[in-house]
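Dropping the sequence and predicted coords here.
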Amino acid sequence: MEDADEGGLRDRDLSDIIEEMLSGGRNPVDKLTRLLRVASDVLSSPPRQDAAPEAATGKGFLETLAHIVTLALDDSDMLARHLSAFAGDAVAILQQSGDAVFEPSPKDRRFRDPLWRESPVLRGLMQIYFAWNSHVQDWLDAQPIEAADRLRIQFVLDQMKAALSPTNLPIHPSAIKRAESSAGRSAVQGLKNFALDLQANRGMPRQIRPGAYRLGETLAMTPGAVIFRNEQLELIQYAPQTDRVHMRPVLLIPPQINKYYAFDLKPQNSVLGYLVSQGFQVFTISWKNPGPESALWGIETYLTAILQAIGAIRVATGADKVNLISACAGGLTAISLLGHLAQVNAPLVASHSLLVTALYPGNGSILEAFTTAGNLELARRISEAEGTMDGLDLSHLFVWLRPEDLVWSFWVNNNLLGRQPPPLDVLYWDNDPTRVPARLHSDFIDVFLWDVFRTPGRQILFDRPIDYGLVRVPTYFVGGLEDYLMPWRGIYRAVDAFGGQNRFVLSTSGHVQSILRPPNLANTEYFVNDDHPPDPDRWLLEAERRPGTWWVDWTAWLRGHASEERPAPAALGSAEFPPLCPAPGRYVQERMLP
């Protein structure tokens, strides 16, 4: 049977996997007990009252479920009408009367197998499922509720729709055919995969196969060397690929919760490799994956480490300033650095490229819609109790924002079809997170709760209150048209908040894919508009749609801040900062999962 026993699973019996799961060193009961103790402590504590007006105004998941029940009970006549209509359609479907036709969208890949239409039983089940979806949606559309409540309820109902799809059941025709053709081996392999997920992936279906990629060999391949290392980071310098390079270098500050190589996946979609090919001197930070012993590392710890790295870059290149690139939590860190530098009047940064990062609360994301002061405090206390915030838990949370694509499709592939997940570089990176020290996690929560970037003096760094209105660094903002984590309208709100010649560009994909838009990618485009009207929708209405990648526009902008050109250096590093090891370095190799 093809690929049923890939990924190093040939010699492992299902009983062995279950025995390891039950008798292994991890004790989930102990962890659950600790978390329940923390939750009890938070619930018994008085709520904090110092949040900014737009911060933590959401409602929790249980509260949203209660709201759904309340809506159903408050207008039972409406509920009865929709249930009656659904019952009528279900009867028509079962009688095959042709009065009710509910079909999947042509873009819905779950029902591609022709047996879903050829088998009367499967066709009926499929149509009843879509009839239920249709009437549930009609019921919600008829509710006179606020937009934020509608967003939350829609999310909950979408989770139910995705989970209840008949394609998730063992009667999936592709699963049955595969089991027959393999004499049942695919079904056994599916059980093995499920047991392994329970044991090693916290119950979530794996999105990657073990060993699908090797850093430095099949991912993170851009040639370079680590020229500086401290407790928090390694600094990688990339080898020039042009005869001449711009004097001022570029430094990437990646998110602390993720590894930097999202910007250096394969050569054909590597952001860092592209910048090197365009004649820039390129450096990146590779964060250390901290453990509980690093619980007290906060934002000041990381800013100190970055300043040390910038010092090494200035020595290695002779440049006066650097151009920063950052994203997500790395963006919050970079802005904090700019605020500190402005406060102490240290002009070390020539420009900043801020990718898919909303700086203010109230950005319209689904995660924020469920964010309350209580669950933020609970998250803070959990990381304090554990010493770190677990990046894998956060990664598993994010996949539920796209359950059909990122959860249930892998459930079908792994457990029903008995396959290993196909190799995909972005998902490999996404499943290779890091931990965040408890203090840094708490600092990020405060950045959000206190709305520090718009509230002068609310954040204290190195004993100085920070006024971000002093920041005058030109900034290139990038949003994603389909970004569900950081909606582009929320990103746009900060375009004119800082001084300097700022620019906003809208890419046309989701969160990470909005960044990964290489020149060789077909059918891609982006939007630009030199004006910055207050209304983001007006900005988009008046924007110019350009074919190709925003990378071209970005590098043209970046050249304006990269100073003159000079001959490319013959060697990496310097006498004071010689190469320590080849890229991608040591820190990036530390994985949380096998």
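Cool, got the structure. Residues are numbered from 1 along each chain as shown.

quick one: Ala51 and Val452, what's the gap?
12 Å (C-beta to C-beta, to the nearest Å). C-beta here means a position set from N, CA and C on the backbone, and glycine is covered the same way.

before we move on, what about Pro547?
39 Å.

more neighbours, those two?
More crowded of Pro547 and Val452, by other C-beta atoms under 10 Å: Val452, with 25 against 8.

what's the single longest helix in this structure?
helix 120-141 (DSSP state H).

then the helix or strand following it to PDB, C-alphas only?
With elements assigned by DSSP states H and E, the helix or strand that comes after helix 120-141 is helix 147-163. Taking Å, rounded to 0.1, in the frame of the first residue of the first chain, the C-alpha atoms of helix 147-163 are listed here in PDB:
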ATOM      1  CA  ALA A 147     -21.800  42.800  14.300                       C
ATOM      2  CA  ALA A 148     -19.300  41.600  17.000                       C
ATOM      3  CA  ASP A 149     -21.900  39.000  18.300                       C
ATOM      4  CA  ARG A 150     -22.600  37.900  14.700                       C
ATOM      5  CA  LEU A 151     -18.900  37.400  14.100                       C
ATOM      6  CA  ARG A 152     -18.500  35.200  17.200                       C
ATOM      7  CA  ILE A 153     -21.700  33.200  16.600                       C
ATOM      8  CA  GLN A 154     -20.700  32.700  12.900                       C
ATOM      9  CA  PHE A 155     -17.400  31.300  14.100                       C
ATOM     10  CA  VAL A 156     -19.000  28.800  16.400                       C
ATOM     11  CA  LEU A 157     -21.500  27.700  13.800                       C
ATOM     12  CA  ASP A 158     -18.800  27.300  11.200                       C
ATOM     13  CA  GLN A 159     -16.900  25.000  13.600                       C
ATOM     14  CA  MET A 160     -20.000  22.900  14.000                       C
ATOM     15  CA  LYS A 161     -20.500  22.800  10.200                       C
ATOM     16  CA  ALA A 162     -17.000  21.700   9.600                       C
ATOM     17  CA  ALA A 163     -17.000  19.100  12.400                       C
END
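
From the rest of the structure, what touches helix 147-163?
With contacts defined as C-beta atoms under 8 Å, 6 or more residues apart in numbering, helix 147-163 is touched by 57-59, 61, 64-65, 67-68, 71, 133, 136-137, 140, 143, 145, 366, 369-370, 400, 403-404, 407-408.

before we move on, back to that, hmm, who's touching the longest helix of the chain?
Contacts of helix 120-141 (C-beta under 8 Å, 6+ apart): 78-79, 82-83, 85-86, 89-90, 93-94, 96, 100-104, 111, 115-117, 150, 153-154, 157, 160-161, 164-166, 171, 173.

Now list the buried members of those residues.
Buried members of the contacts of helix 120-141, counted by 16 or more other C-beta atoms under 10 Å: 82, 85-86, 89-90, 93, 100, 102, 104, 111, 115-116, 153, 157, 161, 165-166, 173.

Out of the residues you listed, list just those in helices.
Going by DSSP H, the helices hold His82, Ala85, Phe86, Asp89, Ala90, Ile93, Leu115, Trp116, Ile153, Leu157, Lys161, Pro173 from those.

which residues touch the fifth one?
Same thing as Ala90. Ile128, Ala131.

now it: how far from Leu164?
On the measure of C-beta to C-beta, Ala90 and Leu164 end up 14 Å apart.

tally of neighbours for the closest residue to Leu376 other than its chain neighbours?
Spatial nearest neighbour of Leu376, chain neighbours left out: Ile445 (5.4 Å); criterion: C-beta to C-beta, 6 or more residues apart in numbering. For Ile445, the count of nearby residues is 19 (other C-beta under 10 Å).

Surely Ile445 and Arg380 touch.
Yes. With contact defined as C-beta atoms under 8 Å, Ile445 counts as touching Arg380 (5.5 Å).

picking up where we left off before, so which of the contacts of helix 147-163 are in strands?
Residues of these located in strands (DSSP state E): none.

Just the buried ones out of these, please.
Buried among these by 16+ other C-beta under 10 Å: 57-59, 64, 67-68, 71, 133, 136, 140, 143, 366, 369-370, 403-404, 407-408.

Inside helices: which ones of those?
Thr64, His67, Ile68, Leu71, Asn133, Val136, Leu140, Ile366, Ala369, Pro403.

which one among the residues you listed gets closest to Ile313?
Using C-beta to C-beta, Ile366 comes nearest to Ile313 of these, at 37.9 Å.

how about the closest one, what does it touch?
Leu151, Arg152, Phe155, Leu401, Tyr484.

Out of those, who's the most crowded?
Arg152 (24 neighbours).

okay, Ala51: pLDDT?
pLDDT for Ala51: 85.

wait, I meant Gln189
So Gln189 comes in at 96 (pLDDT).

Which elements pack onto the helix or strand that contains it?
In this assignment (DSSP H and E), Gln189 forms part of helix 185-200. In terms of contacts (3 or more C-beta pairs under 8 Å, 6 or more residues apart in numbering; DSSP states H and E), helix 185-200 is packed against helix 14-23, helix 173-181.

List the buried residues in it.
Buried residues in helix 185-200 (16+ other C-beta under 10 Å): 186-190, 192-197, 199-200.

Can you name the next helix or strand after the host helix or strand of Ile335?
Assessed by DSSP H and E, Ile335 sits inside helix 329-343. Proceeding N to C from helix 329-343, the next assigned helix or strand is strand 349-355, under DSSP H and E.

Comparing the helices and strands packed on helix 185-200 by mean pLDDT, which bottoms out?
For the helices and strands packed on helix 185-200, where the average pLDDT is lowest is helix 14-23, sitting at a mean of 54.

rewinding a little: out of the contacts of Ile366, what pair is the most spread apart?
Of all pairs in the contacts of Ile366, the most separated under C-beta to C-beta is Arg152 and Tyr484 at 14.0 Å.

Name the nearest residue to Asn431, sequence neighbours excluded.
In space, Asn431 is closest to Ile208, 5.1 Å off (C-beta to C-beta, 6+ apart).

which residues of the stretch 401-550 of the chain fall in helices?
Applying DSSP state H, counting those that start in this stretch to the stretch 401-550 of the chain gives helices spanning 403, 409-411, 425-430, 438-449, 488-492, 536-542, 550-559.
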